[in-house]
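Colleague: Requesting a structural model of the entry that follows:
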Amino acid sequence: MNEKYPGLKFVATILNILAWMVLAIGFISSIFLGIAASTFAAKIYMLVGGFIVTAISSCSLFAFSRLINLLIDIESEIRRLSEVRPALDKKDKTD
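Modeller: Next up, the predicted model:
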């Protein structure tokens, strides 16, 4: 099948991979920062803060990747329906 928008599909794939990398690296670095902090309060703040920032960043990247795929799917569905519509109109006129 001749796929439309290969550049956008590529960008969505890269964003998805980047989101997984941010999630893994952010999780690991948050743990290391939490361990390296000097006081107990700083350890908790670094750990929780790192997890929150990692979650927000990776969720944003995941969401944008899915949004690109959704828009491509919507376009292809609209194109398919626009090709079917004239045949349906012609059938209705003959009935």
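Colleague: Next, residue 37: phi, psi?
Modeller: The phi and psi values for residue 37, taken as degrees, to the nearest 10, are phi -70, psi 150.
Colleague: any idea which helix or strand carries the closest residue to it other than its chain neighbours?
Modeller: Nearest non-adjacent residue to residue 37, counting by CB to CB, 6 or more residues apart in numbering: residue 43, 4.3 Å away. C-beta coordinates here come from the backbone N, C-alpha and C atoms, glycine included. Secondary structure from DSSP states H and E places residue 43 in helix 40-94.
Colleague: Give me the helices and strands touching the least confident helix or strand in the chain by mean pLDDT, please.
Modeller: None of the helices or strands of the chain scores lower by mean pLDDT, DSSP states H and E than helix 40-94, at a mean of 90. Packing contacts for helix 40-94, counted by 3 or more CB pairs under 8 Å, 6 or more residues apart in numbering; DSSP states H and E, involve helix 6-36.
Colleague: buried stuff in the helix it packs on?
Modeller: 12, 15-16, 18-19, 22-23, 26, 30, 33-34 (16 or more other CB atoms under 10 Å).
Colleague: Any idea how far the helix holding residue 43 is from the middle of the chain?
Modeller: Relative to its chain's centre, helix 40-94 lies at 6 Å (CA atoms, centre = their mean, to the nearest Å).
Colleague: tell me the angle of that helix relative to helix 6-36?
Modeller: 160 degrees (axes from the mean of the first three to the mean of the last three CA atoms, to 10 degrees).
Colleague: Could you measure from residue 30 over to residue 19?
Modeller: 16 Å (CB to CB, to the nearest Å).
Colleague: hmm, back to that, which residues touch the residue nearest to residue 37?
Modeller: By CB atoms under 8 Å, 6 or more residues apart in numbering, residue 43 lies in contact with 34-35, 37.
Colleague: That'll do, ta.
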